[in-house]
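Asker: One predicted model, sequence on top.
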Amino acid sequence: TRRAKQALNILEEAETRFPDDPLVSLAKADTYLAMRNHRYAYNYLREALLSDRLDMDAKAGIIYTAAGGEKQSLPERELLKLTDLFVGIYPREAKAHAVQGDIYMQLGQLSLSRDAYLAALDINKYIEGIWQQLLQVEIQLGYFDDVETHGGEAAALFPNNAIILFMTGHGFLGNKNPNEARTYLEAALNNAQEDNLPLLTQLYSNLGDIYHSLRMYPESEVAYEEAIALDSTNAYALNNYAYYLSIRKEKLDRAEAMSRRSNDLQPDYPSYQDTYAWVLFQQGEYGEALAWIEKAVKNADGSSD
């Protein structure tokens, strides 16, 4: 475009006056990205990364900006070449490997992301954020044994980190070990910030599930009530609480109201429709229960009208 070409002319002059200035290289890279000339953009970003005038944090910022996910971000191949270069410049810096892990994670390459985070922690295991990223990737991969192991190690280093405790609990949940999960999730609850409502809501919801599985029914009800009090739109807690009340044939009017609410919040979700059918069945509303079962089956099959 005309404006981009004008900008390049100005930057060419700046480059003559300030040779080897990485800020000029970055400005030229931005201009070429705007022009969708990825090869030239990559070359100037590479120049900036190789410059001795920028520190590691500034170079990490270049990588994250290039991965921005916006129209002006670099294509995957060039982005990965930049992260390889970054790690090559700082092979013994945990942060460099963590940045590479973040980029792999953003690109959905979870196994490579995990390897990069493990490499970072081999260099420095005292960075909480890298442990959190590692556990998140391992949960997504379903590597629950690793979540238990690495989570236990991280929790020993950072016993008051609610996120690490929460994720470690999820590893035990994934492996169907409710007693260990309970220990970690209760510890997470004790250390969670009072204003972190999404985390608190999820913790109470999960503890509601765990207490029910351990037949700690009064504790389960208290946990679900807390979750719903914190977030009245928590369809997951409303559904599970309603379902567990119904199978125990307790407080069926309350169960019906909560289950109906979960379906209002998340319509056409077969699991919630199935719960509502079961609650209605327990109330003796057999015709209506059948209609909701049919809805659940239809949505589970993915069929349409």
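Answerer: Perfect, I can see it now.
Asker: which stretches of this protein aren't confidently modelled?
Answerer: 1-21, 24, 69-72, 302-305 (pLDDT under 70).
Asker: Just want the most central residue of it.
Answerer: Gln136 (6.3 Å; CA atoms, centre = their mean).
Asker: Pretty sure Lys81 sits against Leu45.
Answerer: No - the pair Lys81 / Leu45 is not scored as a contact, 9.7 Å apart, by CB atoms under 8 Å. The way it works is simple: take the backbone N, C-alpha and C, and place the C-beta from them, glycine included.
Asker: Would you enumerate the residues in contact with the closest residue to Ile123 other than its chain neighbours?
Answerer: In space, and not counting its chain neighbours, Ile123 is closest to Ala94: 4.2 Å by CB to CB, 6 or more residues apart in numbering. By CB atoms under 8 Å, 6 or more residues apart in numbering, Ala94 lies in contact with 120-121, 123-124, 127, 130.
Asker: hmm, 10 Å instead?
Answerer: Each residue near Ala94 by CB atoms under 10 Å, 6 or more residues apart in numbering is listed here: 117, 119-127, 130.
Asker: Could you do Gln193 as well?
Answerer: 162, 199-200.
Asker: Quick one: classify it as helix, strand or coil.
Answerer: coil (DSSP: H, G, I helix; E, B strand; the rest coil).
Asker: For it, give its distance to Asp146.
Answerer: According to CB to CB, to the nearest Å, Gln193 and Asp146 sit 27 Å apart.
Asker: for Arg182, same thing?
Answerer: Counting by CB to CB - Arg182 and Asp146 are separated by 20 Å.
Asker: Look at those two and report which has more neighbours.
Answerer: Arg182 (21 against 18; other CB atoms under 10 Å).
Asker: mind checking how far whichever strand or helix holds that one is from the chain centre?
Answerer: Assessed by DSSP states H and E, Arg182 sits inside helix 178-191. Here helix 178-191 is found 20 Å from its chain centre; the criterion is CA atoms, centre = their mean, to the nearest Å.
Asker: which one of the contacts of Gln193 is nearest Leu207?
Answerer: Closest approach to Leu207 among the contacts of Gln193 (CB to CB): Leu200, at 10.5 Å.
Asker: Hmm, that closest one is touching Leu185, no?
Answerer: No - with contact defined as CB atoms under 10 Å, Leu200 does not count as touching Leu185 (11.3 Å).
Asker: how close does the residue nearest to Ile123 get to Ala120?
Answerer: 4 Å.
Asker: Please pull up the helix or strand immediately following the helix holding Arg182.
Answerer: Next element after helix 178-191 (DSSP H and E): helix 197-213.
Asker: Next, the buried residues of that following helix.
Answerer: 199-213 (16 or more other CB atoms under 10 Å).
Asker: tell me, what's touching Lys81 and Leu45 both at once?
Answerer: Between them, Lys81 and Leu45 share the contacting residues Leu74, judged by CB under 10 Å, 6+ apart.
Asker: Neighbours of Ser246, how many?
Answerer: Quick note: Ser246 (other CB under 10 Å) scores 23 neighbours.
Asker: Touching, it and Glu256? I think so.
Answerer: Yes - if you go by CB under 10 Å, Ser246 and Glu256 touch, sitting 8.4 Å apart.
Asker: Right, I'll call it a day here.
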